[in-house]
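Student: Show me the folded form of this:
(2 chains)
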There are 2 protein chains.
Amino acid sequence: MSSELLENLKKRYLTIRNNGLTNVLKIQDETISAIRTFLKKEGFIEILAPIIGPATDPGIRGAKQVTINYYGVPFKLMSSMILYKQMIITSIPKVFALSPNIRLEPLETAKTRRHLTEFRQIDLEVAHATCKEVMELGERMLCHVIDEVKSRCQMELGERLKSLKTPQRPFKRYTYDEAIEILKNKGITIERDGEIPWDAEEALSRAHSEPFWITNYPMTARGFYYMEKEDNPAFLEDFDLIYPEGFGEAISGGQREHRYVKLVERMKKNGENISEYGWYLDMVRMGIPPSAGFGIGVERLTRFICGLENIWDAVPFPKIAGIPSP
Amino acid sequence: MSSELLENLKKRYLTIRNNGLTNVLKIQDETISAIRTFLKKEGFIEILAPIIGPATDPGIRGAKQVTINYYGVPFKLMSSMILYKQMIITSIPKVFALSPNIRLEPLETAKTRRHLTEFRQIDLEVAHATCKEVMELGERMLCHVIDEVKSRCQMELGERLKSLKTPQRPFKRYTYDEAIEILKNKGITIERDGEIPWDAEEALSRAHSEPFWITNYPMTARGFYYMEKEDNPAFLEDFDLIYPEGFGEAISGGQREHRYVKLVERMKKNGENISEYGWYLDMVRMGIPPSAGFGIGVERLTRFICGLENIWDAVPFPKIAGIPSP
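Tutor: Coordinates of the predicted model:
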């Protein structure tokens, strides 16, 4: 990161007065409002997301969780509310929250222009749903949001109004294996059992002018809570939505493992410390419904809609790996 | 707390399935939606609240802040976003957020039935406004919310539908001194330079059938960011709204000290470590507008609207002092 950019970030409390950010924040407000309106029409209830708890999502791609001392017991700041979504759908079958997340990302993410250490997701979950159903929901949601924001924020979008197109549904779908093949043809070779690295994902994203899905990531790449594919347990019933034009990951989600025995197997395979997940395992043992859901990063969506180069201009108080700015 | 209640709290991940909580969560969703609709009509923009930062609100009545290690630098979990509200109004003159807060409350608060260690506020701020103006806004907001929820959640409110009345405006206003006198006449004597203790506030609340304001708390009782009264600097330009029927504090707010020299004086009087507030003081020195605003606790509002005995039934994942429940 250039020293000028760094200074600008550290002095956000002074530069926040500039008009560009005001437009972005108005667009962000309309974006979140449009998501809320859409999901409520679909029968979802919005709940208050947890901030801290005894355990949180370990599947966070090399980022570190933050542990605090909660009256003598180690508690985590939520890295995602996935475990809590599986709890709440026993009560509310279609649920979402604007969920606050903290992930201490590796220092090199300060250069990706799309990583924040403090961020929010619209995190939704649907009891008894499949991947296919929530992917279809995600497509309609994204199209609705872009339509709404384009009609409500013409002035604030400025130049971006023309280039921001409402995508055609259904979006293109690749399996992870197909995505790896496309990358190979571009001269980018990656390991077949891990995440697609940021720069490879960005190259894929740049090669597209519409958002597209990647499904069925390898079991070894993701958190224990995704269900394995029945016909090929090395791969998962999961998906990412990738924005076009180099903006990268939009949505991450999938179907959840709700069967106690399978879940414990997966946790052991992933090297989890089972004793940290007492309440969660107790709950799953008592029975929870199968479900599918996803999270969509609010700042990344704002970045895409506004066409911003840097994610830190998509949030009022940006937190970047290694930079202790307010 | 009875051991039965304690067990119930610890096993919320199983008991959450009961229907009572579903009704409360629907009412909570409508409550927050009604606030959003109201504030947006009034010209407010909603922003994303901070979760962590180098400094946070020290004026939290005996609760402890949580400190984390943020890339080698001590960061706090937000106990309130007051300092950030003063930043954002340099860009957006009418602003609000659903702000996530953590306060490690003293163990005895587990018995008050109205303290959570993890909670949310609708936190709003208006540049160039006075206490009088934001109090009037708060009154209209509360009346609007009660009207809306009563019309939208008749089934979910059940018995409470009859007893929940839309208050008469303007609400009754007492100064802190007057409130102390009323308490004295009830045989409750309290120190004239501190907060009104929980039990005394509850007694006052029980003696009323409509919400009421208490204004002008003593300087020694509250955070450094409230402006002193011009004619009597021992007291502040601030206010609390108290719910009737024993439900206690609803809103806390006031006019902010925006003058650098005065602010530094106040911080020193309050024994603050000035070095923790580098960016904040730098910002105030560069000039920020005067402002007034308040926070309204979302869970306490839900408790009042639903007429719940315990605050922990007003939130899906309750966190109580000393109890490490999920």
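Student: Show the low-confidence segments of chain A, by residue range.
Tutor: Confidence mapping of chain A against pLDDT under 70 gives the ranges A:1.
Student: which residue sits farthest out from the middle of chain A?
Tutor: Ranked by distance from the centre of chain A (CA atoms, centre = their mean), the top residue is residue A:72, with 31.4 Å.
Student: Contact residues of the stretch 51-200 of chain A facing chain B?
Tutor: A:51-55, A:66, A:68-73, A:75, A:77, A:84, A:87-88, A:90-92, A:98, A:100, A:102, A:104, A:107, A:117-118, A:120 (CB under 8 Å from any CB of the partner chain). Every C-beta, even on glycine, is put in place using the N, C-alpha and C of the backbone.
Student: List the contacts of the residue farthest from the centre of chain A.
Tutor: Applying CB atoms under 8 Å, 6 or more residues apart in numbering or on different chains, we find residue A:72 in contact with residue B:324.
Student: Next one: it relative to residue B:323, how far apart?
Tutor: Residue A:72 sits 11 Å away from residue B:323, going by CB to CB, to the nearest Å.
Student: Residue A:217 now?
Tutor: Residue A:217 is 37 Å from residue B:323, by CB to CB.
Student: out of these two, which sits in the more crowded spot?
Tutor: A count of neighbours by other CB atoms under 10 Å in any protein chain shown puts residue A:217 above the other of residue A:217 and residue B:323, at 24 against 18.
Student: Excluding sequence neighbours, find me the nearest residue to the more buried one.
Tutor: Nearest residue to residue A:217, sequence neighbours excluded (CB to CB, 6 or more residues apart in numbering or on different chains): residue A:176, at 5.0 Å.
Student: So that neighbour sits against residue A:213, correct?
Tutor: No: Residue A:176 is beyond contact range of residue A:213, at 10.5 Å (criterion: CB atoms under 8 Å).
Student: helix, strand or coil for residue A:68?
Tutor: Residue A:68 carries the three-state label strand when classified by DSSP: H, G, I helix; E, B strand; the rest coil.
Student: ok, now residue A:133?
Tutor: The three-state label given to residue A:133 by three-state DSSP is helix.
Student: check contacts around it.
Tutor: Residue A:133 sits next to A:126, A:292 when contact means CB under 8 Å, 6+ apart.
Student: gap between it and chain B?
Tutor: As judged by CB to the nearest CB, to the nearest Å, residue A:133 and chain B stand 22 Å apart.
Student: Counting neighbours, what do you get for the closest residue to chain B within the stretch 1-150 of chain A?
Tutor: Ranking the residues of the stretch 1-150 of chain A by distance to chain B (CB to the nearest CB) places residue A:73 first, at 3.9 Å. By other CB under 10 Å, the residues close to residue A:73 number 11.
Student: Tell me if I'm right that it and residue A:53 touch.
Tutor: No: using CB under 8 Å, residue A:73 is not in contact with residue A:53, being 10.7 Å away.
Student: Tell me where the stretch 1-150 of chain A has strands.
Tutor: A:45-46, A:52-53, A:67-70, A:73-77, A:94-102, A:118-127 (DSSP state E, counting those that start in this stretch).
Student: nearest residue to the residue of the stretch 201-326 of chain A found nearest chain B other than its sequence neighbours?
Tutor: Here the stretch 201-326 of chain A gets closest to chain B at one residue, residue A:324, 4.0 Å apart by CB to the nearest CB. Nearest residue to residue A:324, sequence neighbours excluded (CB to CB, 6+ apart): residue B:73, at 4.0 Å.
Student: Could you check how far that neighbour is from residue A:68?
Tutor: Residue B:73 sits 16 Å away from residue A:68, taking CB to CB as the criterion.
Student: ok, now which ones touch residue A:285?
Tutor: Residue A:285 sits next to residue A:260 when contact means CB under 8 Å, 6+ apart.
Student: element containing it?
Tutor: Counting by DSSP states H and E, the element that carries residue A:285 is helix A:278-286.
Student: Hmm, the residue of the stretch 201-326 of chain A closest to chain B is touching residue B:76, no?
Tutor: No: assessed by CB under 8 Å, residue A:324 is found out of contact with residue B:76, at 11.5 Å.
Student: who's more crowded, those two?
Tutor: The neighbour comparison of residue A:324 against residue B:76 (other CB under 10 Å) goes to residue B:76, with 20 against 16.
Student: what sits opposite the more buried one in the beta ladder?
Tutor: The partner list for residue B:76 in beta bridges (DSSP bridges) reads residue B:53, residue B:67.
Student: ok, now which ones touch it?
Tutor: By CB under 8 Å, 6+ apart, the contact list for residue B:76 reads B:52, B:53, B:54, B:55, B:56, B:65, B:66, B:67, B:68.
Student: What about those, which one has the most neighbours?
Tutor: residue B:56 (25 neighbours).
Student: ok, that residue - contacts?
Tutor: Contacts for residue B:56 (CB under 8 Å, 6+ apart) come out as B:65, B:76, B:77, B:78, B:79, B:80, B:81, B:83.
Student: Now rank the residues you listed by neighbours and give me the top one.
Tutor: Within the contacts of residue B:56, most neighbours by other CB under 10 Å means residue B:78, with 28 neighbours.
Student: Touching, it and residue B:50? I think so.
Tutor: Yes: between residue B:78 and residue B:50 there is a contact under CB under 8 Å: 5.6 Å.
Student: Now do the shared contacts for those two.
Tutor: Contacts common to residue B:78 and residue B:50, judged by CB under 8 Å, 6+ apart, are B:84, B:99.
Student: For residue A:324 and residue B:76, list the residues in contact with both.
Tutor: The contact sets of residue A:324 and residue B:76 overlap at residue B:54 (CB under 8 Å, 6+ apart).
Student: beta partners of the residue lying closest to residue A:135 once chain neighbours are set aside?
Tutor: Closest residue to residue A:135 apart from its sequence neighbours, by CB to CB, 6+ apart: residue A:239 at 5.8 Å. When assigned by DSSP bridges, residue A:239 has beta-bridge partners residue A:215, residue A:253.
Student: roughly how far apart are residue A:239 and residue A:11?
Tutor: Counting by CB to CB, the gap from residue A:239 to residue A:11 is 39 Å.
Student: Settle it for me: which of these two has more neighbours?
Tutor: More crowded of residue A:239 and residue A:11, by other CB under 10 Å: residue A:239, with 26 against 16.
Student: Next one: the more buried one from residue A:120, what distance?
Tutor: To residue A:120, residue A:239 is 20 Å away according to CB to CB.
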